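the following block contains a protein sequence and its predicted model.
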Amino acid sequence: MLRLGILSMQGPQRIRDEGVDFWLLSVALLLSGLGLVMVLSSTGIMAERFFADKYYFFKRHVVFLLIGLGVMIVAAVIPRQVYLRFTYLWLALAGILLVLTLVSPLGVQAGGATRWLSLGPIMVQPLEIAKVALVLYLASFFSRKQEMIRTFGIGFLPPVCITVILCLLLLAQPDFGGAAALMLILFCISFVGGTRLVYLGATSFMALMAGIFLVMSSPYRFRRWFAFLDPFQDAQDVGYQLVQSLYALGSGGWLGAGLGAGKQKLFFLPAAHTDFILAVIGEELGFIGVSVIFILFSVLLWRGLRIARLQDGLQERFIAFGMLLILALGALLNMAVVLGVVPPKGVPMPFLSYGGSSLVMSLLCVGVLLNLSRGAVSPGSGRNGVLA
């Protein structure tokens, strides 16, 4: 049986085609539309200064959004076998892209890390593809190995090895935050899938020790990772970005300064249109605007969990939970970074941040969830739910 309230099933079920989940679709479109508005607001001055076109980033984001909506539609209507049967192809694609980032001339270095591939005018971040590929692999593995999932050699070790390989490729870039995100996905799906807690606890401890070693081995990384505890102590260096984020949130008040009237985006707050776009929303739309974002993501979480719970097949339920997990973890980690709860790290806000890879893959996750919502077990159709 599955943890986290995903119900076991007994007796006959009746499958229905109720159409796509309207609430989930509406929330995704609202968040994407708000992201488009905030990208325009946060990049106009910067784009005009560096590209002599105040709509430079906005026009690119429109293209990303159109591509993402197309991907979402395709993902919502294609046969489920694409997700159920070709998991190893997805995994191989993610691995190849991560390797190409490191060894090919297509890899693009920025900020001391090589995390992107340059495909002509398009920049691709393989991490976003790796998240989806890992979810599809884990969903396939845990659905096929349920009878042996509590064993170490067969039920636990293979998914850990696959995830560690992907994490090592990310650490070579280096991308510490990306590796941590994949480990969180593994932990959550393994926990829901029934892995022994002692295995999860031991693995989590080893991962934590490895993370501590990586942080302690670099003085700069140590200062950067622990700057969030008191960013004002070094507000002009490692604490600068978080301090500016807190200034933006603090100056917004209840209603904000007004759309487009924020000041921190005027070259004070780094990455204002990407990782810290929530701070711009807080400054311009205030506590009310940030609360609306929180509410929309809460609705997305509710609908995603409902879709997972109503799936007939075990693999479909894991896929739905994993796709929701990608979106939920991305949102929670971004909120935590912007609010200074965790060390600052490059984590885009799903649907809102500027960037093609994040936006397209977020909409892909929504498309998969919409696909799964079209055929679900009708409530009250013979399913006896037992909470694990």
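That came through, no problem.

make it CA atoms for all contacts and neighbour counts henceforth
Will do.

report the distance from the host helix or strand of Ile189 to the chain centre.
Using DSSP states H and E, Ile189 maps to helix 176-193. Put simply, helix 176-193 sits 11 Å off its chain's centre (CA atoms, centre = their mean, to the nearest Å).

any idea how far the helix or strand following that helix is from the middle of the chain?
Going down the chain from helix 176-193, the next helix or strand is helix 197-216, by DSSP H and E. The chain centroid and the centroid of helix 197-216 are separated by 21 Å, computed with CA atoms, centre = their mean.

same question, stretch 224-233
The chain centroid and the centroid of stretch 224-233 are separated by 24 Å under CA atoms, centre = their mean.

run a quick neighbour tally on Ala279.
The burial count assigned to Ala279 is 30, neighbours taken as other CA atoms under 10 Å.

what residues of the one helix or strand it maps to count as buried?
Using DSSP H and E, Ala279 falls within helix 277-309. By neighbour count on 16 or more other CA atoms under 10 Å, the buried set for helix 277-309 is 277-290, 293, 296-297, 300-301, 303-309.

picking that back up, tell me which residues of the helix holding Ile189 come out buried.
Buried positions in helix 176-193, judged by neighbour count with 16+ other CA under 10 Å: 176-187, 189-193.

for that helix, packing partners?
In terms of contacts (3 or more CA pairs under 8 Å, 6 or more residues apart in numbering; DSSP states H and E), helix 176-193 is packed against helix 126-144, helix 157-171, helix 197-216, helix 314-338.

out of those helices, name the one with the poorest average pLDDT.
Lowest mean pLDDT within the helices and strands packed on helix 176-193: helix 197-216, at a mean of 85.

what sits up against that one?
Helix 197-216 is contacted from outside by Phe152, Phe156, Phe187, Ser190, Phe191, Arg221, Phe222, Trp225, using CA atoms under 8 Å, 6 or more residues apart in numbering.

buried stuff in that helix?
Along helix 197-216, these residues count as buried under the neighbour rule (16+ other CA under 10 Å): Tyr199, Leu200, Val215.

related to what we said a few turns ago, now the helix holding Ile189 against helix 197-216, angle please.
Between helix 176-193 and helix 197-216, the angle comes out at 170 degrees (axes from the mean of the first three to the mean of the last three CA atoms, to 10 degrees).

can you pull the contacts of the residue nearest to the spatial centre of the chain?
Taking CA atoms, centre = their mean, the centroid of the chain lies closest to Gly330, which sits 3.4 Å from it. Counting by CA under 8 Å, 6+ apart, Gly330 makes contact with Val347, Pro348, Met349, Pro350.

Throw the residues you listed into CSV and include pLDDT and neighbour count, thanks.
Compiled in CSV, the contacts of Gly330 are given as follows (pLDDT from 0 to 100; neighbours: other CA atoms under 10 Å):
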residue, pLDDT, neighbour count
Val347, 85, 24
Pro348, 91, 25
Met349, 94, 27
Pro350, 95, 28
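
out of those residues, who's nearest Ser118?
Distance to Ser118 across the contacts of Gly330 (CA to CA) is lowest for Pro348, with 19.1 Å.

now the closest one, what's its secondary structure?
At Pro348 the chain is in coil, as set by DSSP: H, G, I helix; E, B strand; the rest coil.

roughly how far does it sit from Phe222?
Using CA to CA, to the nearest Å, one obtains 22 Å as the distance from Pro348 to Phe222.
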